[in-house]
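Asker: Build me a model from this:
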Amino acid sequence: ILAWAAPPLAGMWAVGAAKVWAERRRVLVAVAVPTLYLWAIDRTAIRRAIWDIRDETSLGLEPLGLPVEEAVFFWITTTLGVVGLAL
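Answerer: Down below sits the predicted model:
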């Protein structure tokens, strides 16, 4: 996840770090709110067996009952969208 997300994030930061920093509070809220929502919905779906995460594709780390891969994915993709829109 970090490997495919790092190049676009680096490019966005290279071009617009000053803008993102100037709007850091808005960016933080705009990332945090949907990320927390998506984490909650994903955790609920996994617990209700709406979908399943295979052991072979997971590190086995589940902070707050959510696989770490899922948490990082939602955080990174939300960050990409928010920073992209802010720029």
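Asker: show me the contacts for residue 19.
Answerer: By C-beta atoms under 8 Å, 6 or more residues apart in numbering, residue 19 lies in contact with 86-87. C-beta here means a position set from N, CA and C on the backbone, and glycine is covered the same way.
Asker: Work out for me the element it sits within.
Answerer: Residue 19 is part of helix 2-22 when elements are defined by DSSP states H and E.
Asker: and the one helix or strand residue 83 maps to, what does it pack onto?
Answerer: Using DSSP H and E, the element containing residue 83 is helix 68-86. Applying 3 or more C-beta pairs under 8 Å, 6 or more residues apart in numbering; DSSP states H and E, one finds that helix 68-86 contacts helix 2-22, helix 24-47.
Asker: Please identify the deepest-packed of the ones you listed.
Answerer: When you average the neighbours per residue for each of those (mean count of other C-beta atoms under 10 Å), helix 24-47 leads with a mean of 14.
Asker: Distance of the residue most central in space within the chain relative to residue 35?
Answerer: Computing the C-alpha centroid of the chain and ranking residues by C-alpha atoms, centre = their mean puts residue 75 first, at 1.1 Å. Here the criterion is C-beta to C-beta, to the nearest Å. By it, residue 75 lies 5 Å from residue 35.
Asker: Overlap of the contact sets of these two?
Answerer: By C-beta under 8 Å, 6+ apart, residue 75 and residue 35 have no common neighbours.
Asker: mind listing what residue 85 touches?
Answerer: So residue 85 contacts residue 30 (C-beta under 8 Å, 6+ apart).
Asker: go on, residue 70?
Answerer: 39, 42, 46, 53.
Asker: Which residue is the nearest non-sequential neighbour of the third one?
Answerer: Which is residue 46. Using C-beta to C-beta, 6 or more residues apart in numbering and skipping residues adjacent in sequence, the residue nearest residue 46 is residue 53, 6.4 Å away.
Asker: Phi, psi for the one you found please.
Answerer: phi -100, psi 120 (degrees, to the nearest 10).
Asker: Give me the pLDDT for it.
Answerer: Confidence at residue 53, expressed as pLDDT, is 77.
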